[in-house]
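Asks: model the following, please.
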Amino acid sequence: MIAFSGLDGAGKSTQIDLVAKKHNSKGSKSLILWARGGYTPGMRILKNFFKISKQTSKKESDKRASSREKSFSNPLIRKVWLSLSILDLILLYGFYVRIKEFFGVKIICDRFIYDTLLDFRLNFPDEKIEKWILWKLLLFISVKPRKHFVITIPVTESQHRSKLKNEPFPDSKEVLESRLNAYMKYVATDKTALHIDGTHKIDAIHSEIIKELNL
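Replies: From the prediction side, this is the model:
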């Protein structure tokens, strides 16, 4: 398993697709796995179960966001939601990925556990999620990536690329700066993380990644 992290617009999806094509050209099966805490398959099923009606307008979407924020102000609801999110990540990275790898599938993760930790830190700063026993269990039981590529670009470039892609809910400048600082600190302290400069040309980045993977 390998993983990709980084700011929005950094070029993760492009590089992931190129690596998947490289695997396929060599006759290997590959699976691109996108997952972040609260947005895993199990959590989506749970959300759909409790969803009464689909949101069809921006006004309804804003109302739903406001209701969600109000719900999360309740400590019990917040802790239950976070616990379920972590449990589903345990099932995903601890069991599902292992089963797929057992059958020879090459897993390419679009975002990984650290991205979820950043989300939780930004959205629930008082919870200190990394100290939870469930979170420590997730780290212990999850399959570790052979390589974890962290692609970064300047905040202004991330904002520019998000506009070009018409991102519906882009991060604010402050949030992007917090994420970028966290990613840089992560690659400086974690030996499995490999920093990639996303401002380089696509082919140059791809060549760097392929070289690291010995493909």
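Asks: the lowest-mean-pLDDT helix or strand in the chain: what's the following helix or strand?
Replies: Every helix and strand of the chain was ranked by mean pLDDT, DSSP states H and E. The lowest is helix 58-72, at a mean of 57. Going down the chain from helix 58-72, the next helix or strand is helix 75-90, by DSSP states H and E.
Asks: list the buried residues in the helix or strand following that next one.
Replies: For helix 75-90, the succeeding helix or strand toward the C-terminus, using DSSP H and E, is helix 97-102. Within helix 97-102, the residues scored as buried using 16 or more other Cβ atoms under 10 Å are 97, 100. Using the backbone N, CA and C atoms, a C-beta is placed for each residue, glycine as well.
Asks: could we number from 36 for the rest of this?
Replies: Got it, first residue is 36 now, which makes that one helix 132-137.
Asks: continuing past helix 132-137, what's the next helix or strand?
Replies: Downstream of helix 132-137 (by DSSP H and E), the next one is strand 141-145.
Asks: who does that following strand pair up with?
Replies: strand 37-41 (parallel), strand 65-69 (parallel) (DSSP bridges).
Asks: single out the most deeply packed of these.
Replies: strand 37-41 (a mean of 24; mean count of other Cβ atoms under 10 Å).
Asks: what sits up against that one?
Replies: 47, 50-51, 54, 142-147, 149-150, 180-188, 218, 231, 233, 248 (Cβ atoms under 8 Å, 6 or more residues apart in numbering).
Asks: now, the residues you listed that are in helices?
Replies: Assignment to helices by DSSP state H places the following of the contacts of strand 37-41 there: 47, 50-51, 54, 149-150, 218, 248.
Asks: nearest to Leu111 among those residues?
Replies: Proximity of the ones in helices among the contacts of strand 37-41 to Leu111 (Cβ to Cβ) peaks at Asp150, which lies at 25.9 Å.
Asks: what distance do you get for the closest one to Asp232?
Replies: 19 Å (Cβ to Cβ, to the nearest Å).
Asks: between those two, tell me which one has more neighbours.
Replies: Between Asp150 and Asp232, counted using other Cβ atoms under 10 Å, the more crowded position is Asp150 (22 against 12).
Asks: now the more buried one: closest residue in space, sequence neighbours ignored.
Replies: Spatial nearest neighbour of Asp150, excluding adjacent residues (Cβ to Cβ, 6 or more residues apart in numbering): Ser40 at 5.3 Å.
Asks: what's the answer for Leu126, then?
Replies: Gly77 (6.5 Å).
Asks: Arg156 too?
Replies: Ile164 (7.0 Å).
Asks: what's around the one you found, how many residues?
Replies: For Ile164, using other Cβ under 10 Å, the count is 21.
Asks: and it, how far from Ser40?
Replies: 17 Å.
Asks: Phe184 too?
Replies: 7 Å.
Asks: do the same with Glu243
Replies: For Glu243 relative to Ser40 (Cβ to Cβ), the value is 16 Å.
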